[in-house]
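# Next come a sequence and a model predicted from it.
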Amino acid sequence: MIRKAKKEDFEQIYKLGENLHENYRQKYNLDELIKEEYFHVVVYEQDEQIVGFLIYTTVDNSTDIVDIYVEKKYRCQKIASNLLDQMISVSKPNTIFLLEVAVDNINAIKLYEKFGFKVIHTRKKYYGQKDAYVMERKMKDE
Ligand SMILES: CC(C)(COP(=O)(O)OP(=O)(O)OC[C@H]1O[C@@H](n2cnc3c(N)ncnc32)[C@H](O)[C@@H]1OP(=O)(O)O)[C@@H](O)C(=O)NCCC(=O)NCCS
């Protein structure tokens, strides 16, 4: 089940998020950020636990994907796809979606390509020594 995150979910999100960035709790103060209209946290709940989440921001017609994560044993079951579908379904029709992804994160790049994202730029040493692609998804008819 996909739903908006609640305060009670934050501990589980921090736990999963530690796999993405060290000190996830320090990086994102969800208690505060969730109060902001532009900040969105969506979770995927299965087996009575949070097994995946998506964080994104929206400003005007621009949406930035901040983080997407699915717990290892729940991968390849379309959970990330469902989270992205849900985000797109509630977005304005002319929304431009942007994200950064490490150039060697092949699985994530494949996922984004499936959703129509294209590489528009490479940011050198964006993740420490590692480069990142900036990927963009525009409406299909643009
Ligand atoms: C990337 C990630 C979110 C994908 O989650 P997921 O729920 O397993 O993805 P889905 O099942 O929705 O996969 C959708 C598509 O993505 C691609 N993909 C995802 N995982 C893949 C894998 N292990 N091998 C090959 N392709 C993969 C495929 O194209 C897949 O479509 P298909 O199943 O029809 O082949 C997950 O692997 C993850 O949490 N990784 C660690 C965190 C991360 O890298 N986040 C992105 C940071 S930018």
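Happy to help now that I have it.

# how far away is M139 from the ligand?
21 Å (Cβ to the nearest ligand atom, to the nearest Å). For every residue, glycine as well, the C-beta is placed using N, CA and C.

# Check which helix or strand the closest residue in space to that residue that isn't next to it in sequence maps to.
Closest residue in space to M139, ignoring its immediate chain neighbours: N94 at 6.1 Å, by Cβ to Cβ, 6 or more residues apart in numbering. In the assignment (DSSP states H and E), N94 maps to no helix and no strand.

# Can you report phi and psi for N94?
Phi and psi for N94, reported as degrees, to the nearest 10, are phi -100, psi 20.

# Same question for V70.
Main-chain dihedrals, V70, degrees, to the nearest 10: phi -130, psi 130.

# Now the longest helix that the chain contains: average pLDDT?
Ordering each helix of the chain by length in residues (DSSP state H) puts helix 79-89 first. Mean pLDDT, helix 79-89: 97.

# likewise stretch 92-107?
Mean predicted confidence for stretch 92-107 is 96.

# And the ligand, is it touching that?
Yes. Judged by Cβ under 6 Å from any ligand atom, stretch 92-107 comes into contact with the ligand at 101, 105, 107.
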